[in-house]
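Student: how would this look folded up:
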Amino acid sequence: MYQGKKVIDIHGHMSTPPNFRAFAYNMIALRGMGGGKLVIPDDAMAGASARHLRMLDERGIDVQMISARPVAYMHWERPFLVDDWTVTTNDTIAQIVRLNPDRFVGIAQLPQHRDLTTDHCIAELDRCVNELGFVGASLNPDPGADRQTPGMDQEYWFPLYKRAQELKAPLIVHPSL
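Tutor: Numbering: from 1, shown residues only. Okay, here's the model as predicted:
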């Protein structure tokens with residue numbers, strides 16, 4: 001608190017136990033989820049969050065908006081993997097927020113891919129805001145990491161901008177590279 005007001009960090013990244021990353025590597029190696037869904041027990045997630053919460057406390061931060069680490073977006077992968085990984089990541093963020101609702105606020109990852117329009121991201125943005133209670137989403141301005149995505153002032157982005165505006169959900173521009 002500062003003079004009776006909460007201190008809010010608007011840019012933090014989720015802390016997870018090792019099986020989160022292991023699941024991602026297995027998805028890439030198996031070219032899919034292998035018929036399974038990631039399940040992280042609440043006690044394992046609480047353990048992974050404990051250090052994160054201590055750091056917030058040490059720095060006098062009351063609330064942090066958390067998102068995925070951009071390097072882990074997997075926007076370079078095939079669209080079906082990006083879709084599955086995005087849902088897995090957002091569900092994991094939702095679990096972290098559920099376990100610490102007074103400390104964390106969710107910022108969604110979007111299933112961006114250079115070969116798909118931004119319309120493809122709208123359903124996940126809706127799910128994250130309307131079902132998971134997230135307040136916004138991270139937006140990668142170059143999901144192909146090849147400078148082929150139109151500039152952020154181009155019509156390519158407008159459907160996503162429109163929907164985010166309707167949801168009153170800010171989009172936080174955060175490149176993955």
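Student: what residue ranges in the protein score low on pLDDT?
Tutor: 177 (pLDDT under 70).
Student: the same query, at a cut-off of 90, please.
Tutor: 1, 25-26, 28, 30-36, 70-72, 75-76, 114, 144-145, 174-177 (pLDDT under 90).
Student: what sits against the residue most central in space within it?
Tutor: Per C-alpha atoms, centre = their mean, the C-alpha nearest to the average position across the chain is that of Q109, at 3.1 Å. The contact partners of Q109, by C-beta atoms under 8 Å, 6 or more residues apart in numbering, come to 67-68, 73, 86, 89-90, 93, 137-138. Every C-beta, even on glycine, is put in place using the N, C-alpha and C of the backbone.
Student: quick check: closest non-adjacent residue to it.
Tutor: Excluding its sequence neighbours, the residue lying closest to Q109 (C-beta to C-beta, 6 or more residues apart in numbering) is A68, at 4.4 Å.
Student: which residues touch that neighbour?
Tutor: 13-14, 89, 93, 109, 138.
Student: related to what we said a few turns ago, nearest to L160, of the contacts of Q109?
Tutor: Within those, the smallest distance to L160 is 8.7 Å, found for A137 (C-beta to C-beta).
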